[in-house]
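> No letters, just coordinates:
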Ligand SMILES: Cc1cc2nc3c(=O)[nH]c(=O)nc-3n(C[C@H](O)[C@H](O)[C@H](O)COP(=O)(O)OP(=O)(O)OC[C@H]3O[C@@H](n4cnc5c(N)ncnc54)[C@H](O)[C@@H]3O)c2cc1C
């Protein structure tokens, strides 16, 4: 039976509505926005991690910035507050929080520091989703997942981890705190399944597909179970197993040229003979890891990201086995994870700077379970403050200080500082600082952040999910391309659900960037992905989630109407920092790349954030923060 491809070339709400109309079974599903901490009698009066519904870029967080970026609109007049700081940081993501920390380390704890963020929670991408059901707290990721190879952190970034108590011993504990089958936590020994449409339901084929891709394990049996034409199965088996060199007519130089200038998917079609209906099976991995599909990766980029092909190149014949194994190890590396992802790192950092948010918290041992008092973030008697729901709209040097204009819940306000670090998105900085040179503005405007959607679904119990036989599975033909159990790790004092009868949280990841070969540069497609996110409502996502989970789990007794207790959709239109792509971007001379021109110091204003490093990793956020602080403090 041929796989039914669900082409969701949906760039606006109208198109999504049309697809919705084709799915009457889910149209009447109840709308869930439960567990809100804002409800009377909830666990706290202001506690964003427990909010459900549309999170991430939530209503109220982006409108002011979009009016500025798209229409050049901002308030004409501002109320000047009687507040002057040593440092104001724009952006309370990992880079902004780290900038505040590095500054305090240098200037001393009495230095007056204010961090502004447009969201109702701190952490930027590193956000926490927290559910409470049946006397149990269940944590999951609202974004950034893990410490990606902390042993690769340089001295600067590494020292910050150590300041937070995440030292070698803690990192070893995190490994021990991660069950052997929890792949997202870095335990690549656990299986990674594959879920494909099969008639009205979905079929999940167990085993370790990331290993199958490289001809390891019983890849032939896995492929034979797929509901795709036999000749496509034969081709996948030959490809995964490295049975032939698919570029054997090319000289070594021409091969090098080919793998650097041809898209990975074009290679799959032209050389491997896969049909466009089969290709998604090999692309789900790229979508979730990197954002764009194999149409935007070169062959080499695809393979270096762990996609199959290395064994089928011939020219590395003697090394393929060891290199294939190395790539898998490299993907896992020494990844370490907290139960709420890097949100725990943000919480450690915030509590270090403002102990009053969680006065009894010890640190690494109990960060995951500590209850934060958000009311303590912005108190006048503290030297360090974090002000949420506040969008910066103008930052300029005036004489020997900086003036910062921002809008807090509709109120235009003005403060001043000796220095300012912009740890927000590069793209917005030209609108914040129109006085910058055109060259700098164009450098800042070059990259496009990579959009994602991460959803968490609270289920009454884990019985149906446990029948899948894998903790994580790739779903190449679904709107959410990877589905996993929420972290089962115990770091930070957390006790995750332990058995199928306990309530569980399912964690679902989607890349909205078009993957169907839509024409355009990677940057064009990333913009389309971002537009798709903004055009999709919570109801659209809820319907997709219910449909996907019902098809995956229905055969195991799952009933979405009864079993789903809450849904949190974290939409992340401005996700990973952009990096340069072989098919689109030239190789710039050192110092001439757009991010290098864009991040130059601008008087009393410096630029942090991962965009300035073209590297979407927490250590890059820390490094950028340190550079910006050093620029300002000399
Ligand atoms: C889905 C996802 C998964 C990831 N997983 C990992 C991972 O596993 N490991 C890893 O190391 N990295 C991961 N990353 C990369 C992550 O981007 C970095 O690790 C890091 O968290 C980025 O920090 P940042 O401060 O540079 O940016 P951000 O987190 O984007 O923070 C910038 C903040 O500035 C705010 N802001 C923007 N404009 C304004 C304004 N005008 N006024 C006020 N505030 C403003 C933003 O809203 C945001 O809160 C992931 C990223 C995403 C999107």
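All right, it came through fine. For clarity, every value in this text was computed on a predicted model and none was experimentally measured. Numbers count the residues shown, from 1 in each chain.
> Quick check: residues of the stretch 301-450 of the chain near the ligand?
391-392, 423-425, 428 (C-beta under 6 Å from any ligand atom). Any C-beta I mention is one placed from the backbone N, CA and C, and that applies to glycine too.
> Who wins on neighbours among those residues?
In terms of neighbour count, residue 423 stands highest of those at 32 neighbours, by other C-beta atoms under 10 Å.
> Surely that one touches residue 90?
Yes - between residue 423 and residue 90 there is a contact under C-beta atoms under 8 Å: 6.3 Å.
> Show me the common contact partners of those two, please.
residue 96 (C-beta atoms under 8 Å, 6 or more residues apart in numbering).
> For the protein, name the helix or strand with the lowest mean pLDDT.
Using mean pLDDT, DSSP states H and E, the weakest-scoring helix or strand in the chain turns out to be helix 13-21, at a mean of 25.
> List the buried residues for whichever helix or strand residue 440 is part of?
Here residue 440 sits within helix 438-446, counting by DSSP states H and E. Judged by neighbour count using 16 or more other C-beta atoms under 10 Å, the buried positions of helix 438-446 are 440-441, 443-446.
> how about the residues you listed in a markdown table, adding pLDDT?
Output for these, formatted as a markdown table (pLDDT from 0 to 100):
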| residue | pLDDT |
| --- | --- |
| 440 | 98 |
| 441 | 98 |
| 443 | 98 |
| 444 | 98 |
| 445 | 98 |
| 446 | 98 |
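> Pick the one among those closest to residue 607.
The nearest member of the buried residues of helix 438-446 to residue 607, counting by C-beta to C-beta, is residue 444 at 7.8 Å.
> on that earlier part again, can you name the next helix or strand after the helix holding residue 440?
Immediately after helix 438-446, counting by DSSP H and E, sits strand 450-459.
> for the residue of the stretch 101-250 of the chain found nearest the ligand, what are its contacts?
Nearest residue of the stretch 101-250 of the chain to the ligand (C-beta to the nearest ligand atom) works out as residue 124 at 2.2 Å. Residues in contact with residue 124 (C-beta under 8 Å, 6+ apart) are 91-96, 117, 143-144, 346.
> What distance do you get for residue 436 to the ligand?
15 Å (C-beta to the nearest ligand atom, to the nearest Å).
> do the same with residue 540
Distance of residue 540 to the ligand, given as C-beta to the nearest ligand atom: 19 Å.
> Now name the helix or strand holding that residue.
According to DSSP H and E, residue 540 maps onto helix 538-553.
> quick one, that helix and strand 450-459 angle?
60 degrees (axes from the mean of the first three to the mean of the last three C-alpha atoms, to 10 degrees).
> Return the set of buried residues in helix 538-553.
Neighbour-count burial for helix 538-553 [16+ other C-beta under 10 Å]: 538, 540-553.
> for stretch 267-287, same thing?
So for stretch 267-287, counting by 16+ other C-beta under 10 Å, buried means 267-269, 271-274, 278-287.
> Narrow those residues to those in helices?
When helices are assigned by DSSP state H, the members of the buried residues of stretch 267-287 inside them are 267, 280-287.
> so where's the protein uncertain?
Judged by pLDDT under 70, the chain has its weakly predicted residues at 1-44, 315-333.
> what residues does this structure put near the ligand?
So the chain meets the ligand at 65, 90-96, 116-119, 124-126, 143-146, 148, 391-392, 423-425, 428, 452, 454, 572, 575-576, 609-610, 616-618, 621 (C-beta under 6 Å from any ligand atom).
> List only buried entries from these.
By 16+ other C-beta under 10 Å, the residues of the chain next to the ligand give 65, 90-96, 116-119, 124-126, 143-146, 148, 391-392, 423-425, 428, 452, 454, 572, 575-576, 609-610, 616-618, 621 as buried.
> Neighbours of residue 289, how many?
15.
> Show me the domain layout of the chain.
13-60+126-186+450-576, 63-122+377-447+581-633, 193-243+250-332 (automatic domain parsing).
> need those domains in JSON lines with distance to residue 351, can you?
Below are those laid out as JSON lines (distance: least, C-beta to C-beta, whole Å):
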{"stretch": "domain 13-60+126-186+450-576", "distance to residue 351": "9"}
{"stretch": "domain 63-122+377-447+581-633", "distance to residue 351": "11"}
{"stretch": "domain 193-243+250-332", "distance to residue 351": "30"}
